[in-house]
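Engineer: I'd like to go over a predicted model; first the sequence, then the structure.
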2 protein chains.
Amino acid sequence: MSRKIPGMNMMTLSALSEPNRLNIVELLRDGPLTVGEIADQLGLKQPQTSKHLKVLSDNGIVEVQAEANRRIYKLRFEPFQELDSWVQSFQHVMQERFDNLDNYLKELQDKDK
Amino acid sequence: MSRKIPGMNMMTLSALSEPNRLNIVELLRDGPLTVGEIADQLGLKQPQTSKHLKVLSDNGIVEVQAEANRRIYKLRFEPFQELDSWVQSFQHVMQERFDNLDNYLKELQDKDK
DNA sequence: AAGGAATATTCCTGTCAAGGAATATTAGTG
DNA sequence: CACTAATATTCCTTGACAGGAATATTCCTT
């Protein structure tokens, strides 16, 4: 009954499914950045940048560190680890069953009696 | 100039960002299934199931095999491989830079002259 | 050929989320 | 304290997209 196969955290995926947010994440891969820097490098306006960062933050994908006036955003580990093990769970299972869908076809025939 | 770091395929992520579609994908991890079986196991109606499968198919996440009346859907490899290498690109870089955002803080101060 | 099963497609409607613009907030500086 | 920089928040509008319901399509069986 207990499935040890990881069920992905929806929130992570939907947060990353927005193009600008994905760009932000890929940008932050190279290191922490302030809101202004992110906005600059991606050609976004400040308010929307803040909004996207809020979404990412609410989903635990990034974390903030206040430095005076500025807010420095950096990636968090966990979501990527989860994502990794989720993807891994496919790699394994899919390898095993590679291209022998013949079994399934047989089963189908059996069901038809 | 040439970034060897993989840029994720947006389509994949946005396709997976819908709960029902993610469920379908996780279901298909255990093997190929027909539309009806998927609809049954997930408590979805047939039309919406077909629609979701079309999205997944258009994005190359699943592939179809016609068997008479039925359509058998199975996962494709490639999207998961891409996803894997994308996630990997984070694992590495983030490990390196773990918790030394001090450098960045120095840089910030320098900018302030 | 007729009927039924499995699936796809169309049309409609409501919801939600992203962008724009303006404004609020916080911190540093003279 | 006034001013500015950096960031967050609010309100509004518009577009995309998921679900519902009905219908179309394809294939099998008799």
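Structural biologist: Perfect, thanks for sending it.
Engineer: So what touches the biggest helix by length in chain A?
Structural biologist: When chain A is scanned for its longest helix (criterion: DSSP state H), the result is helix A:78-96. Here helix A:78-96 makes contact (CB atoms under 8 Å, 6 or more residues apart in numbering or on different chains) with A:5-9, A:12, A:59-61, B:29-30, B:75, B:77, B:80-81, B:83-84, B:87-88, B:90-91, B:94. The C-beta positions use only the backbone N, C-alpha and C, and glycine is treated the same way.
Engineer: Please spell out which residues along it are buried.
Structural biologist: By neighbour count on 16 or more other CB atoms under 10 Å in any protein chain shown, the buried set for helix A:78-96 is A:79-80, A:82-84, A:86-87, A:89-90, A:94.
Engineer: avg pLDDT for it?
Structural biologist: For helix A:78-96, mean pLDDT rounds to 87.
Engineer: what sits up against stretch A:50-60?
Structural biologist: Stretch A:50-60 is contacted from outside by A:11-12, A:15, A:18, A:20-21, A:24-25, A:35, A:38, A:44, A:62-64, A:73, A:76, A:78-79, using CB under 8 Å, 6+ apart.
Engineer: Mind doing that once more with 6 Å?
Structural biologist: For stretch A:50-60, the surrounding residues in contact (CB atoms under 6 Å, 6 or more residues apart in numbering or on different chains) are A:11, A:15, A:20-21, A:24, A:35, A:62, A:73, A:76, A:79.
Engineer: shaky segments in chain A?
Structural biologist: Within chain A, the stretches with pLDDT under 70 are A:1-7, A:95-113.
Engineer: again, only using 90
Structural biologist: Applying pLDDT under 90 to chain A flags the ranges A:1-11, A:68, A:91-113.
Engineer: Please, where are all the strands along it?
Structural biologist: A:33-34, A:62-67, A:70-75 (DSSP state E).
Engineer: And DNA strand D, is the shortest one touching that?
Structural biologist: Yes - judged by CB under 7 Å from any atom of the strand, strand A:33-34 and DNA strand D are in contact via residue A:34.
Engineer: and if you look at stretch A:51-61?
Structural biologist: Yes - legend: contact between stretch A:51-61 and DNA strand D by CB under 7 Å from any atom of the strand is shown at A:51, A:53-54.
Engineer: Quick check: the residue of chain A nearest chain B.
Structural biologist: Going by CB to the nearest CB, chain B is nearest to residue A:17 of chain A, at 3.6 Å.
Engineer: Okay then, goodbye and thanks.
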